[in-house]
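Student: what follows is a predicted protein model with its sequence.
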Amino acid sequence: MKSKTSYFNRTLFLNLLKRYWPIFAGYFIVWLIVLPVSLANTLSYNTAIMADKFDLQALATAGGGQILNAGLYGGVIMAGIFGILTAMAAFSYLYNARSVSMMCSLPIKREGIFLSVFTSGLLAVLLINIVVFLTASCVAAAYGVLALGAGYLLQWLAMVCMLNLFFFGFATLCASFTGNIFTLPLVYVVLNFTAYVVEYLVKTVMSLFIYGVSMSENFVFLTLSSPVYLFMRTSVADSVVPVGETFEVVGHYYNGWIALGIYAAVGIVFTLLAMVIIKHRRMEAAGDVVALKPLKPIFKYCLSVGCALVLGIIIFETAFNSPTGIYGVRGMLFMLLFMLFGAFVGYFAAEMLMKKTLRVFSGRSWIGLGITSLLITALMLCGEYDVFGIEGKLPDADEVKSVSIMCSGETVVFEDPDNIKAAIELQSDIIEHKFENEVFTGNVEAYANYVSIVYTYENEKTLSRDYTLYQDANDDIFTLNDLMNVKEAVDYRKELEVPVSVDTIADAYVSYFDKAEMTYRDFELSSQQAYELYTECILPDMSDGALGKIWLVQTEDYYSGVYDCTINFSVEKRLADNNYKGDYFYTTLTLSAERTKQWIAENLDIEPCTMGESYAILNSQSDSKPYAVKTSGQVSYSESAAAYEG
Amino acid sequence: MIEVRNVVKSFDGFNALDDLSINVPTGAIYGLVGPNGAGKSTIIRHITGIFRQDKGEILVNGEPVFENPRIKKDIAYIPDDVFFFTQATIRDMMKFYKGVCPNFSTERFEKLRAAFDLNENSKMRSLSKGMQKQAAFWFMVSMCPKVLVLDEPVDGLDPVMRRQVWSILMADVAENGTTVLVSSHNLRELEDVCDHVGIMNKGKLLLERNLSELQDNISKVQLALPDGKTLPDELRVLHHSSTGRLQTIIVRGIAEEITNKLATCEPLFMDVIPLSLEEIFIYELGGEHYEVKDIIL
């Protein structure tokens, strides 16, 4: 015969609520402020600004975006924080020998205690979610948007409940294998971000010693860091309908339901796993940092490797934060030294925490540290000598859908197969010139360009590489400059997110160097003027290849063929939910851009000077060195300036 | 009945319980004694289902106790250091125990009220250690247990309350046949209440006897022998001391047999003095290299 109190106990269920009600009250109050109160404020504001043209749909859309964003961002933060607080309250009995004795001597099975306190914590927050949902529904009803806003509120409720399931389940799992109340939140926070942080640190180390490895490479294990994943990979998107040449936002939707569903399911699995662990847990482990014996070596080695990465990077970056000539094998050896120190600290810190003594430097402990150190050393050497082929990896042009190149603040996406091949060839040249570039490391006098290349494969996977190119090292920067000015690149630069029209141009001006005043001036353009200049002059000139180029290196052609004059304007459009979408256009005027040059001369009465002329004038004002000095292989600025002065 | 059979428990390689076997008969008051670190509290935590043994078996009334609510509902446990929810009052705790222990008797709780000078509305955290112990007795006895497990139960109680508590326990045993396992270092007190005694050392049970048997099986003799006479070799002497001609010996065996053997030496003077539990404890453990050492400072 089973005891009635075996698997669930009402007294334990209510006991948690009675003892820890301030946690749940806090959860309720914060949500009240974040959702119903804030929603009332938004609806009130939008009602006021739509006084002359009231649109219920637009009002609901404005509120909907806020509700869903509260569900995502507020939900992750609230479920994350209150998940651990509730778990700490519910499972506090596990962390003290006296409370363990009291709870475990009760005539209730361990799973009975677990289920009683877990359901108590979970149901409390779910019930609060429902109360907040109903309160927010009342607010929506008061502004007449309940019918349109109920869907958003139901989505909010679903999002928050799923997030509660995941985060409380995860916190419960952490509670099951930790034996110390102070360790629990620490473990919870660390594990929530471990995958992201470790991957980031590994990338940082790799980027320091494996030529070309990019920090902007996509995170592979991001899903293991739920808060980061939910914030970075899911969002509240706009529902749009086409209106003429543009789109109208008519609503919002959350694009991460699948991920959220998976996380909720994982939360349930974590909960069951935690129950099994607690059922078999050695209760004498109360007070220990790690309560499960099999997890002790994992904790020790993870802390050792984690400290190796963190301390290695911190010490390296601190020691060599000023420009130095550290690179290649020398740099790797310094990094290795610092990482081994970090591994030592982490390894013995773990031993001290677990054994609760400072006397941990016994003979056997050093064996484990030796293994960790050997592993780190082997990986570092493999990275430096490209055993894994990471450094020399080039994509197959046939598999690449597009390549994005970013340099000096300019980004271009190439989809033309010839340009993709050219980008791959450029990367191949850069790798070949590795040592020529690396010798300039830390040389502040050298003219350097940072270039980031991101290939997107047909299967949507990406490959990223970053390089620093030195103008004096080889011709790679010139090859890149040419690639950034092919027709596809110029066309890419003229495409804007918001269509250009008189109505969408918000701010336009021509910036130029005034020879007479010897200073830079801006000439404001009206929307009409900017539109005319853009459509009748700039676009045709760009089509002719006379305008829209960029200059990564300042050659003689640059000083003689480019005006010290830029044309700038921004475009923006107001969306249905009262938010704005905008973009920005700018181009540098060239001598060959006849139409644009003529329009400026006729309409603005501006006579721009070339880059060479302006530099010469500015340098002549200074008794010191010229503004720009060019080194061998290039015309020095002072020489070129002198030529133009003449 | 509590049966502990060949139980082994280790903590990080240290054997806290080493093939331990204990038998507590139904209705007995069993005193578990032993030096500090002998493993008394550890075995108590196993008997109450808090810890799980690595090896062996622990049965209460014939059934394993670990994760067995059917048996655990009949066990009440008062640890050395009692735990209560800090914000709770005595009444809150009473409601808690009433909710989790099916045998809890409100009627008994009310009856016991007079025995304990406690205000039900007092917060547990505001009570002294002794008052918390009193409260623990109040709750545990109200649970109408068939097995009561006590770890240093009267530690912190004043003499009057000690008598009160023991009186309640004895009455419970007499009326309901409750089995009591009590661990204490206060051997004089145990001697008054226990009918069975087990002595533990280093995770093992050195001996387990009915108290009267135990006392009958060891004797303290004071005697003076004539010149040239020595103690018979067949005596199992645990301890021997002498002051002038007067000798004091602790001998294992029945008093009558011992005096008969000593009589062959024609002692000038001989007196057999009954041994207290404390003396038995000291002399038994002396054989296990746990004795009072003469330290000169």
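Tutor: Looks like it came in fine. Numbers count the residues shown, from 1 in each chain, chains lettered A, B, ... in the order given.
Student: stretch B:58-70: end-to-end distance?
Tutor: End-to-end distance for stretch B:58-70, by CA to CA, to the nearest Å: 15 Å.
Student: mean confidence score for it?
Tutor: For stretch B:58-70, the mean pLDDT works out to 94.
Student: who touches that stretch?
Tutor: With contact meaning CB atoms under 8 Å, 6 or more residues apart in numbering or on different chains, stretch B:58-70 is reached by A:1-3, A:5-6, A:107-110, A:112, A:279, B:1-5, B:7, B:26, B:46-49, B:52-53, B:57, B:71-72, B:74-75, B:146-147. C-beta here means a position set from N, CA and C on the backbone, and glycine is covered the same way.
Student: how far off centre is it?
Tutor: 21 Å (CA atoms, centre = their mean, to the nearest Å).
Student: which parts of the stretch 351-500 of chain A are strands?
Tutor: Taking DSSP state E, counting those that start in this stretch to define them, one finds strands in the stretch 351-500 of chain A at A:400-407, A:410-414, A:448-457, A:462-470.
Student: which other helices and strands contact the last one?
Tutor: Applying 3 or more CB pairs under 8 Å, 6 or more residues apart in numbering or on different chains; DSSP states H and E, one finds that strand A:462-470 makes contact with helix A:417-432, helix A:434-438, strand A:448-457, helix A:476-483.
Student: if we use 10 Å, what do you get?
Tutor: Counting contacts by 3 or more CB pairs under 10 Å, 6 or more residues apart in numbering or on different chains; DSSP states H and E, strand A:462-470 packs against helix A:183-209, strand A:400-407, helix A:417-432, helix A:434-438, strand A:448-457, helix A:476-483.
Student: and the pLDDT for A:L309?
Tutor: Reported pLDDT for A:L309: 92.
Student: number of residues surrounding A:G342?
Tutor: By the criterion of other CB atoms under 10 Å in any protein chain shown, A:G342 has 23 neighbours.
Student: that one: helix or strand, and which one exactly?
Tutor: Per DSSP states H and E, A:G342 falls inside helix A:328-355.
Student: hang on, the earlier thing: among the contacts of stretch B:58-70, which are located in helices?
Tutor: A:R110, A:G112, A:K279, B:H46, B:I47, B:I71, B:K72 (DSSP state H).
Student: surely the last one touches B:C101?
Tutor: Yes. The criterion here is CB atoms under 10 Å, and B:K72 meets it with B:C101 at 9.1 Å.
Student: which residues are in contact with both of those two?
Tutor: Counting by CB atoms under 10 Å, 6 or more residues apart in numbering or on different chains, the shared contacts of B:K72 and B:C101 are A:T5, A:L106, A:P107, A:I108, B:P145.
Student: quick one: which of those residues is most hemmed in?
Tutor: A:I108 (27 neighbours).
Student: where do the strands sit along the stretch 1-150 of chain B?
Tutor: If DSSP E, counting those that start in this stretch is used as the criterion, the strands of the stretch 1-150 of chain B fall at B:2-11, B:14-24, B:29-33, B:55-60, B:63-64, B:75-78, B:147-151.
Student: which strand or helix spans whatever residue of chain A ends up closest to chain B?
Tutor: Going by CB to the nearest CB, chain B is nearest to A:T11 of chain A, at 2.6 Å. Using DSSP H and E, A:T11 sits in helix A:10-19.
Student: C-terminal to that helix, what's the next element?
Tutor: For helix A:10-19, the following helix or strand on the C-terminal side (DSSP H and E) is helix A:21-32.
Student: which residues outside that following helix are in contact with it?
Tutor: A:16-17, A:37-38, A:70, A:74-75, A:77-79, A:81-82, A:85-86, A:88-90, A:120-121, A:124-125, A:127-129, A:131-133, A:135-136, A:156, A:160, A:164.
Student: one more time with 8 Å
Tutor: A:17, A:74, A:78, A:82, A:85-86, A:89, A:124-125, A:128-129, A:131-132, A:135.
Student: just the mean pLDDT for stretch B:128-146, thanks.
Tutor: 94.
Student: got it, and stretch A:459-475?
Tutor: The pLDDT scores in stretch A:459-475 average 87.
Student: what about that stretch, start to end distance?
Tutor: OK, stretch A:459-475 end separation, CA to CA: 33 Å.
Student: can you name the residue of the stretch 151-297 of chain B nearest to chain A?
Tutor: Nearest residue of the stretch 151-297 of chain B to chain A, counting by CB to the nearest CB: B:D151, 9.2 Å away.
Student: ok, back up a step: just put the strands of the stretch 351-500 of chain A in JSON lines and tack on mean neighbour count.
Tutor: Listed next are the strands of the stretch 351-500 of chain A as JSON lines, based on neighbours: other CB atoms under 10 Å in any protein chain shown:
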{"stretch": "strand A:400-407", "mean neighbour count": "20"}
{"stretch": "strand A:410-414", "mean neighbour count": "18"}
{"stretch": "strand A:448-457", "mean neighbour count": "18"}
{"stretch": "strand A:462-470", "mean neighbour count": "20"}
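Student: skipping adjacent residues, who's closest to A:C104 in space?
Tutor: Ranked by CB to CB, 6 or more residues apart in numbering or on different chains and with sequence neighbours excluded, the top spatial neighbour of A:C104 is B:I50, at 4.3 Å.
Student: on that earlier part again, show me what contacts the residue of chain A closest to chain B?
Tutor: Each residue near A:T11 by CB under 8 Å, 6+ apart is listed here: B:K95, B:F96, B:K98, B:G99, B:V100.
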